[in-house]
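[1] I need the structure of the sequence given here:
(one chain, ligands or ions: 4)
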Amino acid sequence: MRSSILFASTLWAATALSHGNITSPPARQPGPVMQQVCGAAAVSAILADGTGPLENIQSNGAADCNIGLCKGAQFEDNQALVQAFAPGEQVPFTAELPIPHEGPCNVSIVDTATNTVIGQPLLVFDSYADENLAQLPPNNTAFSVTMPTNLGTSCQVPGECTMQWFWFGTAAQQTYENCVDFVMTA
Ligand SMILES: *[C@@H]1O[C@H](CO)[C@@H](O)[C@H](O)[C@H]1NC(C)=O
Ligand SMILES: *[C@@H]1O[C@H](CO)[C@@H](O)[C@H](O)[C@H]1NC(C)=O
Ligand SMILES: *[C@@H]1O[C@H](CO)[C@@H](O)[C@H](O)[C@H]1NC(C)=O
Ligand SMILES: [Cu+2]
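    Numbers count the residues shown, from 1 in each chain. Ligands and ions are numbered 1, 2, ... in the order given. Next up is the predicted model:
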């Protein structure tokens with residue numbers, strides 16, 4: 001009995017804490033504007049665990065709050081984090097995956113006004129964060145993307161585009177997102 005209670009609480013801790021996020025480049029954080037748009041509970045959920053899935057984040061239901069884009073984190077709270085990348089530049093990423101969940105992952109450029117992907121994804125893992133492997137491949141936590149050379153005048157204004165890391169743990173049914181705000185330099 002005691003051991004099953006212990007087991008259950010260990011499981012609970014495992015599902016409640018620490019799943020994964022991007023550690024570099026700097027990615028969007030929650031802030032006061034997110035609190036206005038999505039409510040205090042959504043901000044608290046991210047502050048409680050910055051590696052948790054979207055499914056742990058409760059929206060206030062407002063039309064302007066989209067937890068599915070950057071976990072609801074707002075550009076206005078993150079203007080100091082905007083990166084500048086050149087066409088063709090290789091951008092290295094690091095991620096932490098304290099609790100891996102096997103599933104697809106990708107990095108794509110998203111038009112923030114419409115929440116649509118621009119062009120092709122920059123990187124695709126058909127199988128990412130596979131907890132059944134003895135060790136995760138090194139490219140799960142250190143990878144790089146090549147910035148496209150065909151964006152034209154898109155993504156030159158801060159906030160227009162964001163680079164979103166997206167991972168879905170298939171069995172866990174958990175979705176992870178982080179957004180790196182950037183501008184393309186000419
Ligand atoms: C990643 O999670 C950690 C631990 O909760 C948090 O301190 C950090 O701000 C998170 N980073 C991002 C970009 O979400
Ligand atoms: C990224 O992966 C998710 C999960 O499989 C998928 O829903 C989404 O369409 C993918 N994005 C792109 C741009 O391929
Ligand atoms: C990551 O590394 C694994 C193992 O070496 C390889 O099979 C896979 O193609 C790599 N994926 C990407 C997106 O680079
Ligand atoms: Cu998880």
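
[2] Strands of this structure, start to end?
    Ranges of strands in the chain, per DSSP state E, are 21-24, 83-85, 90-96, 103-111, 116-128, 142-146, 161-169, 174-184.

[3] Now the residue in the chain positioned nearest to ligand 1: closest residue in space that isn't a chain neighbour?
    Ligand 1 sits closest to residue 50 of the chain, with a gap of 2.7 Å, by CB to the nearest ligand atom. Placement of C-beta: from N, CA and C, glycine included. Sequence neighbours aside, residue 21 is the residue nearest to residue 50 in space, at 5.7 Å (criterion: CB to CB, 6 or more residues apart in numbering).

[4] If that neighbour is in a bridge, with which residues?
    Beta bridges link residue 21 to residue 96, judged by DSSP bridges.

[5] who's in contact with it?
    Contact analysis of residue 21 by CB atoms under 8 Å, 6 or more residues apart in numbering lists 27, 50, 51, 95, 96, 176, 178.

[6] now do 6 Å
    Applying CB atoms under 6 Å, 6 or more residues apart in numbering, one finds that residue 21 lies in contact with 50, 51, 178.

[7] So which residues make contact with stretch 106-126?
    69, 105, 145, 148, 161, 162, 163, 164, 165, 166.

[8] Keep only the residues you listed that also lie close to ligand 2.
    The residues of the contacts of stretch 106-126 that also fall near ligand 2, by CB under 6 Å from any ligand atom, are residue 166.

[9] The residue of the chain closest to ligand 1 - how many residues pack around it?
    Neighbourhood size, residue 50 [other CB atoms under 10 Å]: 19.

[10] What pLDDT does the model give it?
    You'll see residue 50 listed with a pLDDT of 97.

[11] ok, now how distant is it from residue 126?
    Distance of residue 50 to residue 126, given as CB to CB, to the nearest Å: 26 Å.
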